[in-house]
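S.K.: Got a predicted structure here, sequence first:
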Amino acid sequence: MSRVGRKPIVIPSGVEVKIDGSKVHVKGSKGELEREFDSNMKIESTDGQIVVSRPDDNRTNRALHGLTRALLSNMVTGVSEGFLKQLNVVGVGYKVDLKGKDLVMQLGFSHPVKYPAPKGIEFEVDSKANTIKIKGIDKQQVGQVSAEIRKFRPPEPYKGKGVMYAGEHIRRKAGKAAGSGALG
């Protein structure tokens with residue numbers, strides 16, 4: 001049995017779960033999510049818990065068992081607490097601002113980079129510390145948006161400039177050894 005798939009998901013108070021065959025609808029204080037899962041996975045809700053089971057030990061079903069449970073858990077967590085990713089913008093002249101709900105960044109290009117807020121995503125910007133907080137109820141969407149923003153100017157290894165995740169460690173490289181007399 002999958003160790004992840006076996007664990008029941010506790011439904012917190014204020015979260016409503018509707019299971020219709022392989023389609024699951026989760027509603028909470030932050031919003032609502034709906035997803036359709038593989039028809040082989042059996043999803044049941046009993047005594048304030050969601051339990052996922054599989055029909056047999058087929059390789060595909062074993063893989064889907066843990067995946068289904070993890071996705072359901074993320075849906076329940078998303079509608080009750082939400083998800084957050086933080087990005088730091090590091091570099092001389094690099095700035096981040098919010099225009100309405102859209103993100104406007106100065107990242108060393110000749111033009112500002114604009115990123116419109118997708119539906120279900122909320123940006124919070126601290127202009128002094130040059131940080132961007134990305135909030136949402138869908139874990140996959142929050143991660144995707146933060147990866148797309150990071151992709152505009154990924155951190156470079158020589159000066160460490162760019163857009164990076166909070167807590168991300170950038171391996172730094174030594175620059176040219178100018179005037180060291182190594183060649184002459």
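M.R.: Perfect, thanks for sending it.
S.K.: Please make it C-alpha for all contacts and neighbour counts, starting now.
M.R.: Fine.
S.K.: contacting residues around residue 139?
M.R.: 74, 75, 78, 83 (C-alpha atoms under 8 Å, 6 or more residues apart in numbering).
S.K.: In helices only, show me those residues.
M.R.: Among these, DSSP state H puts 74, 75, 78 in helices.
S.K.: one step back: turn the contacts of residue 139 into CSV, columns for distance to residue 9 and pLDDT.
M.R.: Converted to CSV, the contacts of residue 139 look like this (distance: C-alpha to C-alpha, whole Å; pLDDT from 0 to 100):
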residue, distance to residue 9, pLDDT
74, 10, 95
75, 11, 95
78, 13, 94
83, 18, 96
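S.K.: which of the residues you listed sit farthest apart?
M.R.: 75 and 83 (10.3 Å; C-alpha to C-alpha).
S.K.: what about these two, which has more around it?
M.R.: Set residue 75 next to residue 83 and count neighbours by other C-alpha atoms under 10 Å: residue 75 wins out with 24 against 19.
S.K.: surely the more buried one meets residue 138?
M.R.: Yes. Using C-alpha atoms under 8 Å as the test, residue 75 is close enough to residue 138 to be in contact (6.9 Å).
S.K.: intersection of neighbour lists for the two?
M.R.: Common neighbours of residue 75 and residue 138 (C-alpha under 8 Å, 6+ apart) are residue 33.
S.K.: Centroid-nearest residue for the chain?
M.R.: residue 143 (2.4 Å; C-alpha atoms, centre = their mean).
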